[in-house]
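K.L.:
Quick one, fold the following:
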Amino acid sequence: MNENRMKHGAFGWNELMTTDVAAARRFYGALFGWETEDYPVEGMNYVLVKVDGEAVGGMMTLPPECAGMPPAWGVYVTVADVDATARQVESLGGKLLRPPEDIPDVGRFCVLQDPQGATLCAISYRQP
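P.N.:
Numbering: from 1, shown residues only. The predicted model follows:
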């Protein structure tokens with residue numbers, strides 16, 4: 001991953017959760033020229049989105065716990081310590097929608113909502 005996207009506060013990853021990954025691959029590949037690559041993740045079909053060979057995002061099928069949610073793009077902001085960030089959310093007027101949890105071989109993330117209702121993910125990447 002690009003070093004700049006690993007810095008605290010940087011937009012580091014974008015991820016589509018959708019009902020039809022194959023259709024999304026075709027659509028976005030044709031629209032933006034994105035390359036896609038299957039990426040094995042236990043329990044799911046994950047697809048990397050690449051630009052000039054660099055992974056810039058991913059696509060996945062909406063998981064069962066998101067039933068009823070429309071397909072949507074999620075944004076990940078890199079933070080130095082996701083647990084510390086999660087502890088700050090409510091004191092700043094936001095809501096913690098999903099507490100910090102590990103993504104094997106990637107790092108740790110949480111889902112938060114700002115005081116105006118917009119959602120995003122905060123992520124701390126595992127150090128190599």
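
K.L.:
Direction included, what does the helix or strand hosting residue 39 pair up with?
P.N.:
Residue 39 belongs to strand 35-41 when assigned by DSSP states H and E. Strand 35-41 pairs in its sheet with strand 44-51 (antiparallel), by DSSP bridges.

K.L.:
Which positions in the partner strand come out as buried?
P.N.:
46, 47, 48, 49 (16 or more other CB atoms under 10 Å). Using the backbone N, CA and C atoms, a C-beta is placed for each residue, glycine as well.

K.L.:
Could you chop the chain up by domain?
P.N.:
1-71, 79-128 (automatic domain parsing).

K.L.:
any idea of the mean pLDDT for the last one?
P.N.:
What it means is domain 79-128. Averaging pLDDT along domain 79-128 yields 94.

K.L.:
can you give me the helices in the protein?
P.N.:
In the chain, the helices defined using DSSP state H lie at 21-32, 82-89.

K.L.:
would CSV of the ones you listed with distance to residue 72 and mean neighbour count be doable?
P.N.:
Below are the helices of the chain laid out as CSV (distance: least, CB to CB, whole Å; neighbours: other CB atoms under 10 Å):
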stretch, distance to residue 72, mean neighbour count
helix 21-32, 12, 14
helix 82-89, 20, 16
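
K.L.:
Out of those helices, the one nearest residue 66 is which?
P.N.:
helix 21-32 (14.0 Å; CB to CB).

K.L.:
Can you name every helix or strand that the closest one contacts?
P.N.:
strand 11-18, strand 35-41, strand 44-51, strand 54-61 (3 or more CB pairs under 8 Å, 6 or more residues apart in numbering; DSSP states H and E).

K.L.:
Distance to residue 11 for the helices of the chain - can I get that in a markdown table?
P.N.:
Output for the helices of the chain, formatted as a markdown table (distance: least, CB to CB, whole Å):
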| stretch | distance to residue 11 |
| --- | --- |
| helix 21-32 | 17 |
| helix 82-89 | 15 |
